[in-house]
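Engineer: The sequence and its predicted three-dimensional model are supplied below.
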Amino acid sequence: MKSLFRSRKFVLMLLDAIVSFVLMLLAPFEDAVFAVIAIQPVLITMIVAITIEDVKRATTFDPIPPLLYLLRSGRFWLVVLDIGVTLFGYFGLKYMNPANFETARWTIMTFKPVIVTMIAAVTGENINTSYKEAEVLEVQEIDKWLEERREQTHDHYTETEIPVSEPE
């Protein structure tokens, strides 16, 4: 059970479930269904993006707690922005200005591909950056290993006498 709460994907799934549940309780059914359906693609994209990063890094373990990781993630704030715009755009315009309600629904649904694309682009950048960091770390490790070997070799030859034979 502890490992689930250390998973960023599980935390996002919980966020999705909580938002969907609250919407279903508080909003009329038709409105709640539209809002939940509008939010799903972005949350699913975020979960898939984290999965792709984990596969590329060959690990699902991250020393940073998942909630802290998410709060520091630009993609997470894109998801929060999307949820806020979706809910405000839908419910705000529906009840404040019903004449523009269909325009609000259309705007919300056309906004989704932009957010999904931005999350995918940031994921690609993160993967590329992690590859570059891994290459730098690998080069640094090799340089460190070579330097240690040079020092060991130098120390060995300075501590021992090298037999020098005189020409005959």
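Structural biologist: Now that the structure is in, tell me what you want to look at. Numbers count the residues shown, from 1 in each chain.
Engineer: Does the spatially most central residue of the chain lie in a helix or a strand, and which?
Structural biologist: Residue closest to the mean C-alpha point of the chain, counted by CA atoms, centre = their mean, is residue 50 at 4.7 Å. Per DSSP states H and E: residue 50 is located in helix 29-57.
Engineer: Tell me which residues of that helix come out buried.
Structural biologist: Within helix 29-57, the residues scored as buried using 16 or more other CB atoms under 10 Å are 31-32, 34-36, 38-39, 41-43, 45-47, 49-50, 53-54. Yep, even glycine has a C-beta here, placed from its N, CA and C like the rest.
Engineer: Likewise for stretch 14-25?
Structural biologist: For stretch 14-25, the neighbour count (16+ other CB under 10 Å) marks 15, 16, 19, 20, 23 as buried.
Engineer: how much space between residue 54 and residue 123?
Structural biologist: In this view, residue 54 and residue 123 are 11 Å apart by CB to CB, to the nearest Å.
Engineer: mind listing the helices in this protein by residue range?
Structural biologist: 2-5, 8-26, 29-57, 66-71, 74-87, 93-96, 101-159 (DSSP state H).
Engineer: mind giving me CSV with those and columns for mean pLDDT?
Structural biologist: Output for the helices of the chain, formatted as CSV (pLDDT from 0 to 100):
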stretch, mean pLDDT
helix 2-5, 70
helix 8-26, 85
helix 29-57, 82
helix 66-71, 76
helix 74-87, 84
helix 93-96, 79
helix 101-159, 72
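Engineer: Pull the contacting residues for the nearest residue to residue 69 once chain neighbours are set aside.
Structural biologist: Leaving out its chain neighbours, the residue that sits closest to residue 69 by CB to CB, 6 or more residues apart in numbering is residue 8, at 5.6 Å. Applying CB atoms under 8 Å, 6 or more residues apart in numbering, we find residue 8 in contact with 50, 62, 66, 69, 70.
Engineer: Adding distance to residue 128, write these out as CSV.
Structural biologist: Below are those laid out as CSV (distance: CB to CB, whole Å):
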residue, distance to residue 128
50, 16
62, 18
66, 23
69, 19
70, 21
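Engineer: State the pair within these that is farthest apart.
Structural biologist: Largest separation among the contacts of residue 8 by CB to CB: 62 and 70, giving 10.8 Å.
Engineer: Please identify which of these two sits among more neighbours.
Structural biologist: Shown here are residue 62 and residue 70; by other CB atoms under 10 Å, residue 70 has more neighbours (20 against 16).
Engineer: I am assuming that one contacts residue 12, so please confirm or correct that.
Structural biologist: Yes: if you go by CB atoms under 8 Å, residue 70 and residue 12 touch, sitting 7.2 Å apart.
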